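Peer 1: what shape does this take:
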Amino acid sequence: MSRSETTTSNTATAHHELSDAELEQIVAEADTGGRKPVGAAAKLLFAVAICWSLFQLWIASPLPFSLGIFILNDTESRAIHLAFAVFLAFAAYPALKSSPRDYIPVQDWLLALAGAFCAGYLFLFYAEVATRPGLPTTLDLVAAVCGMVLLLEAARRALGLPMVILAAVFLIYIFFGPYMPDIIAHRGASLNKGMNHLWLSTEGVFGVALGVSAGFIFLFVLFGALLETAGAGNYFIKSAIALLGHLRGGPAKAAVVASASTGLISGSSIANVVTTGTFTIPLIKRVGYRPDKAAAVEVASSVNGQLMPPVMGAAAFLMVEFVGIPYTQVLKHALLPALISYIALFYIVHLEAMKSNLQGIPRRNPSPWQRTAISTTMTLSGLVLLAGVIYYGFGWIKDVAGDASFIVVSLLMFAAYIGLIALCARYPELHMEDPKDGMEYLPEVKPTLMAGLHFLLPVAALIWNLVVEQLSPGLSAFWATMFLIFILVTQRPLFAWFRKTGNYREATAHGFHDLFSGLATGARNMIAIGIATAAAGIIVGTVTLTGVGLVMTELVEIISGGNIMVMLVMVAVICLILGMGLPTTANYIVVASLMAPVIVELGAQNGLLVPLIAVHMFVFYFGLMADVTPPVGLASYAAAGIANSDPIRTGLTAFGYSARTAILPFMFIFNTQLLMIGIDSWWQLALTVVSAIVASMTFAAATQGWFFARNRIHETVLLLLITFSLFRPGFWMDMIHPPFEELEGGQLLQLAEQAPPNSGLRIWIEGTNADGRDISKGVLLPLGPTTNAEGEPLNARARLAHSGLMVMAFGEDLQVAAVQFKSQAQRLGIEQGFVIQTVELPVERPAKEWIFIPTLALLALVIALQWRRPRYGGTA
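Peer 2: Reported below is the predicted structural model:
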C-alpha cells in the first residue's frame with residue numbers, strides 16, 4: 001500500500017477516532033511496511049532485517065581493517081545496502097491495497113530476489129565491471145534495466161507513485177533529450193550510456209545519496225530504534241508531562257518538548273506523532289483545546305523533531321556530502337534555528353491557552369521551585385544543556401588524556417551507568433497509562449525523572465564522539481550504538497539485581513529479545529530511506545549526465561527576472577509541491593540537486609553571496625513541510641485520527657503553526673548569524689540568540705492575533721515590523737551605511753594572509769566556463785585556519801588551498817590557475833582561467849545591532865498599548 005493510497009483510505013475516516021492498531025498500521029504503511037506475515041516468512045523477514053543491521057554495524061566498525069577480512073569499498077557497501085533495502089521493500093510492502101498482509105505471495109519473493117540480485121550486481125561482479133568502465137556487456141545492461149524497473153516498483157510501494165513519476169520523467173528526459181522543447185533540449189543518451197551512468201557507476205543510483213544512507217543514516221536510525229526499544233521514548237514523554245503539565249495549556253507545552261526529545265529517537269514525523277500524540281493529544285483536548293488544534297500542536301512539534309541536534313533528519317547527513325563540511329558544523333548551524341522554532345511553537349501554545357484562559361493539570365503536591373526552575377530548563381531543551389555540560393564540563397579529559405581519552409571516558413560511562421541503574425532502581429518502573437482514562441493529577445516529578453536517567457548516557461556518548469573526539473558521524477554512531485546495545489542487554493538483569501526481584505535468566509532473555517527486536521525495527525525503519533536515496537539518485541544522475549542544472553538556472557532566472565525574493569519563493573513553493581508526494585529525504589535530494597545551485601548562482605550574480613550551508617538549510621526546512629502540507633500530510637492524518645478531528649482542518653491549522661518555521665529560512669539566507677556564521681564574540685552570540693528568540697515570539701504573537709491581549713490591526717503590523725528588524729537588522733543599517741568597500745582583485749593574496757581564522761573573503765570573478773558561457777558573479781570563499789596542525793602560520797596560498805583554489809599573477813590581474821576536484825571552490829562554481837576582479841572588505845561602521853534599540857522601544861510601545869486591556873479571550 002503506497003503513501004498515496006494510505007492518504008486516500010484515511011480521507012474516508014475523517015472524524016473517526018483511530019484505534020491503536022489502526023495507528024500502528026499507518027506508521028507501518030509509511031515507514032516499515034504494512035505486511036506482517038506469520039510463520040516461517042515472518043522469521044525469515046525478521047532474520048534478514050537483523051542481518052542488515054549487523055552488516056551495517058560491521059562496515060562501520062574498525063573490525064574489518066583490524067582483522068583484515070570482508071573489507072568493502074564504498075561502491076560494494078552501497079550495493080549490499082541497496083540489495084537489503086530492495087529485498088525488504090518487496091517482502092514488507094504489499095503491492096496493492098488489496099494485497100495480503102499476513103503472508104508474502106510467491107511473486108513478491110521472486111521480485112525480492114531479483115531486485116536484490118540487480119542491486120547487488122556491483123558487489124557480485126565488481127572486479128569485472130571495474131575492468132570495462134563505460135563498456136557494459138549485455139548482462140550488465142540486463143541487470144541495469146531490470147534493476148531500474150524493480151527499484152521504481154519498490155519506490156512505488158514504499159514511497160508512493162509521485163516518486164516514481166518524478167524519476168520516470170527524468171529517465172525520459174535522458175533518452176529523449178533531442179525531442180524536448182528547445183530551451184531544455186540536449187543531445188540525449190543511448191541505452192548503454194544512460195544505464196552505465198545511472199546503474200554501473202557512482203554518478204546515479206549508487207551515488208552520494210545512497211552512500212550517505214549506507215554510511216551515516218542507517219546507524220543513526222538504528223540508534224534511535226534501539227533507544228526507543230530500551231524505553232527512552234516513554235521516559236521522555238512522561239518527563240515532559242510531569243515537568244510542564246501544570247502550566248497553562250500544559251499538556252500542549254509538554255507535547256512540544258516531548259516531540260523535540262523524541263525527535264532524537266525517531267527520524268519519522270509520522271512515527272513521532274503516533275508515539276507522543278497517542279498520549280498527549282487526549283490530554284491536550286482535556287484541558288480545553290479544540291480537537292484540530294490539539295492534533296495540530298502535535299503535528300507541528302513532531303515534524304520539527306527532525307530539526308533538533310544532535311540527531312537530525314536523514315537529510316541532514318546528506319548535507320555533509322553536498323556541502324562538504326563536517327557533521328559537527330551542520331549541527332552548529334542547525335542549533336539556533338531549531339531552538340527558535342521550538343520556542344516559538346511553545347509560545348504559540350501559550351498564546352492559545354491565554355486566548356481561552358486554559359489551565360493545566362494540577363500536581364498533587366505543588367511547590368514553587370518545580371514551577372519555575374525545572375520547567376524553564378526543560379523548555380530550553382535538556383539535550384542542548386547536556387551537550388554543553390559534556391563539551392565544557394568534561395572536554396578537558398581529551399586535553400589531559402590525549403589518545404587515551406576514549407578508554408578513560410568509556411570507563412567513566414560504565415561507572416556512571418552502573419551508578420544510575422542503582423539510583424533508578426530505587427524508583428518505580430515507568431509505565432504509560434491510557435490517557436483516555438483521564439489524568440486527575442500529574443505524575444510526580446522526581447520519581448519520573450529519576451526512573452530513566454540512564455537513557456541519557458548513550459546520547460551523551462554520541463555527543464562526546466561527535467563534538468569532543470570529533471570522530472566521523474558513522475563511527476560516532478557506531479560506538480554510541482554499541483554502548484546502547486550493552487545497555488539493552490544488561491539493564492533488565494541489573495534492575496532485577498538492585499531491586500532484589502530475582503528472575504535473572506528471564507530478565508537476561510528479555511534483554512536479548514529487546515536487542516533483536518530493536519535491530520529488526522531499525523532495519524525496517526530504513527527501508528523507505530534506502531529506497532528514497534537510491535531513487536533520488538536517478539535525478540542526481542540526470543543532472544550530471546545532461547546538464548539540466550544549467551537549464552534550471554536559466555528558467556528560474558527568466559521567470560524570476562533576477563529578483564532574489566521571487567527566486568526564493570519559487571524554490572520554497574517547489575519544495576512544498578514536491579513535499580505533497582515525496583518523503584523529506586527524497587525531497588531534499590531532488591531540490592538540493594536542482595534548485596540549491598540555482599540559488600547560489602543567481603544570488604552570486606545579484607550580489608547575494610550566501611554560504612552553501614545556508615542554501616541547503618533553506619531547502620531542508622521547506623522539505624520538512626512534506627508531512628504537514630495539506631492535502632497529503634500523513635502526519636496530519638495520523639494526528640487527526642487520534643484527536644477525532646477533520647484531517648484537512650488539522651493540516652491547515654498545523655500549517656499555520658508551522659509558519660514560524662517557514663519564515664526562518666528566508667531570514668537566515670539574509671542574516672547568516674542565525675546559523676552561527678560570522679559571530680566573533682560572546683556578546684554578539686548572546687545578542688543574536690536573544691534577538692532571534694524575541695523575534696520568533698513577536699512573529700508568533702502577530703500570526704496568532706494575540707500578544708498580551710487581542711491584537712489590533714496596527715499592532716499586528718508593528719509586531720511584524722519588529723520581527724523583521726530583529727531577524728535582519730542589517731537591512732536597515734545597509735540603508736544608512738554601505739557594508740563593503742571594493743579593492744582590486746590583485747590584493748587577494750595579501751588580504752587572504754591577513755584575514756582572521758575560519759573567515760571568508762567576498763570575491764568577484766569573471767571568465768568563460770567549460771560550457772562556453774560568460775560568467776560574472778561573486779562568491780564567498782572560505783579560508784580556514786591561520787595555522788597548520790603544528791601551530792605554524794599559513795601563508796596566503798596555503799589558506800586559499802584550503803578551499804581548493806590556486807591562483808597566479810596574469811599581468812596586473814590575478815587568475816585562477818587550478819581548482820581542486822570536489823573542493824569548496826569547485827562547489828562555488830569557480831573554474832580554471834577565471835580572473836579575480838575585485839575583493840570586498842567590510843567597512844568600519846556602527847554595529848548593525850544598534851538597530852535593536854529603536855526596535856525594542858517599538859516593542860515596549862506595543863506592550864504598553866496592550867497592557868491594560870482584557871487578558872483572556874473566548875473559546876479555543
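Peer 1: ok, then the element right after the longest helix belonging to the chain?
Peer 2: Secondary structure of the chain per DSSP state H: the longest helix is helix 504-546. Using DSSP states H and E, the helix or strand that follows helix 504-546 towards the C-terminus is helix 548-560.
Peer 1: report all helices and strands that that next one contacts.
Peer 2: Contacts defined by 3 or more Cβ pairs under 8 Å, 6 or more residues apart in numbering; DSSP states H and E place helix 548-560 against helix 564-579, helix 584-594, helix 596-605. In short, each C-beta sits where N, CA and C put it, glycine included.
Peer 1: pick the most deeply packed of these.
Peer 2: Greatest average neighbour count among these goes to helix 584-594 (a mean of 28), per mean count of other Cβ atoms under 10 Å.
Peer 1: which elements pack onto that helix?
Peer 2: Contacts defined by 3+ Cβ pairs under 8 Å, 6+ apart place helix 584-594 against helix 314-319, helix 504-546, helix 548-560, helix 564-579, helix 612-623.
Peer 1: which of these sits closest to K777?
Peer 2: helix 548-560 (11.2 Å; Cβ to Cβ).
Peer 1: and the contacts of that closest one?
Peer 2: Residues from elsewhere that reach helix 548-560 (Cβ atoms under 8 Å, 6 or more residues apart in numbering): 173, 183-184, 186, 542-543, 566-567, 570-571, 593-595, 597-598, 601-602, 771, 773.
Peer 1: wait, what's in contact with S53?
Peer 2: 218, 222, 519-520, 522-523.
Peer 1: one more: L307?
Peer 2: So L307 contacts 263, 313, 334, 337-338, 341-342, 621, 624, 661 (Cβ under 8 Å, 6+ apart).
Peer 1: between those residues, which is nearest A825?
Peer 2: Nearest to A825 among the contacts of L307, with distances taken as Cβ to Cβ, is A334, at 24.4 Å.
Peer 1: name all residues that make contact with F834.
Peer 2: With contacts defined as Cβ under 8 Å, 6+ apart, F834 is in contact with 765-767, 775, 815-816.
Peer 1: assign the residue nearest to it when sequence neighbours are not counted to helix, strand or coil.
Peer 2: Distance criterion Cβ to Cβ, 6 or more residues apart in numbering; nearest residue to F834, sequence neighbours excluded, is G767 at 3.6 Å. With DSSP: H, G, I helix; E, B strand; the rest coil as the basis, G767 sits in strand.
Peer 1: what's the neighbour count on G767?
Peer 2: 19 (other Cβ atoms under 10 Å).
Peer 1: who touches it in this structure?
Peer 2: Taking Cβ under 8 Å, 6+ apart, one finds 774-775, 816, 831, 833-835 in contact with G767.
Peer 1: domain parsing for this protein?
Peer 2: The record, using automatic domain parsing to delimit domains, assigns the chain the ranges 671-739+848-876, 740-844.
Peer 1: reformat these as CSV; add mean pLDDT and distance to L484.
Peer 2: Output for the domains of the chain, formatted as CSV (pLDDT from 0 to 100; distance: least, Cβ to Cβ, whole Å):
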stretch, mean pLDDT, distance to L484
domain 671-739+848-876, 87, 29
domain 740-844, 84, 33
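Peer 1: what's the closest of the ones you listed to A404?
Peer 2: Here domain 740-844 is closest among the domains of the chain (Cβ to Cβ), at 19.7 Å.
Peer 1: all helices for the stretch 1-150 of the chain, in order.
Peer 2: 3-11, 20-27, 40-60, 63-67, 74-92, 106-119, 121-124, 126-130, 138-159 (DSSP state H, counting those that start in this stretch).
Peer 1: returning to what we had before: would you format the contacts of L307 as a markdown table with pLDDT, neighbour count and distance to K253 included?
Peer 2: Shown next, in a markdown table, are the contacts of L307 (pLDDT from 0 to 100; neighbours: other Cβ atoms under 10 Å; distance: Cβ to Cβ, whole Å):
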| residue | pLDDT | neighbour count | distance to K253 |
| --- | --- | --- | --- |
| G263 | 65 | 30 | 16 |
| G313 | 66 | 28 | 23 |
| A334 | 86 | 23 | 23 |
| P337 | 88 | 23 | 20 |
| A338 | 85 | 23 | 17 |
| S341 | 85 | 25 | 15 |
| Y342 | 82 | 27 | 11 |
| Y621 | 84 | 26 | 23 |
| L624 | 76 | 28 | 21 |
| T661 | 80 | 25 | 17 |
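Peer 1: let's have those in a markdown table, adding distance to S636.
Peer 2: Shown next, in a markdown table, are the contacts of L307 (distance: Cβ to Cβ, whole Å):
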| residue | distance to S636 |
| --- | --- |
| G263 | 17 |
| G313 | 18 |
| A334 | 24 |
| P337 | 23 |
| A338 | 21 |
| S341 | 18 |
| Y342 | 19 |
| Y621 | 18 |
| L624 | 14 |
| T661 | 15 |
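Peer 1: can you flag which of these belong to strands?
Peer 2: Using DSSP state E, no member of the contacts of L307 falls in strands.
Peer 1: how near is N465 to T787?
Peer 2: Per Cβ to Cβ, to the nearest Å, N465 is found 26 Å from T787.
Peer 1: and those two? which has more neighbours close in?
Peer 2: More crowded of N465 and T787, by other Cβ under 10 Å: N465, with 23 against 12.
Peer 1: count of residues packed around the residue nearest to the more buried one when sequence neighbours are not counted?
Peer 2: Distances taken as Cβ to Cβ, 6+ apart place S476 nearest to N465, at 3.5 Å, with adjacent residues excluded. S476: 27 surrounding residues under other Cβ under 10 Å.
Peer 1: is S476 in a helix, a strand, or coil?
Peer 2: Classification of S476 using three-state DSSP returns helix.
Peer 1: surely L805 is in contact with V819?
Peer 2: Yes: L805 lies in contact with V819 (Cβ atoms under 8 Å); the separation is 6.3 Å.
Peer 1: spit out the residues that contact those two alike.
Peer 2: Common neighbours of L805 and V819 (Cβ under 8 Å, 6+ apart) are 825, 830.
Peer 1: these two: which is more packed in?
Peer 2: L805 (29 against 21).
Peer 1: how close does that one get to P94?
Peer 2: To P94, L805 is 53 Å away according to Cβ to Cβ.
Peer 1: do G360 as well
Peer 2: Distance of G360 to P94, given as Cβ to Cβ: 44 Å.
Peer 1: how many neighbouring residues does the closest residue to A818 other than its chain neighbours have?
Peer 2: The shortest distance from A818 to any residue other than its chain neighbours is 4.4 Å, reached at M806 (Cβ to Cβ, 6+ apart). M806 has 14 neighbouring residues, counting by other Cβ under 10 Å.
Peer 1: tell me the secondary structure at M806.
Peer 2: Applying three-state DSSP: M806 is strand.
Peer 1: that one against S823, yeah?
Peer 2: No: shown here, M806 and S823 do not form a contact pair, counting by Cβ under 8 Å, at 10.2 Å.
Peer 1: for L841, helix, strand, or coil?
Peer 2: Of the three states, L841 takes strand under three-state DSSP.
Peer 1: that one against P738, yeah?
Peer 2: No: using Cβ under 8 Å, L841 makes no contact with P738, being 11.6 Å away.
Peer 1: which one's more surrounded, the two?
Peer 2: Between L841 and P738, counted using other Cβ under 10 Å, the more crowded position is L841 (15 against 11).
Peer 1: in contact with that one, which residues?
Peer 2: Shown in contact with L841 (Cβ under 8 Å, 6+ apart): 740-741, 743, 751, 762.
Peer 1: returning to what we had before: which one of the helices of the stretch 1-150 of the chain lies nearest to L794?
Peer 2: Ranking these by distance to L794, with Cβ to Cβ as the measure, places helix 74-92 first at 30.8 Å.
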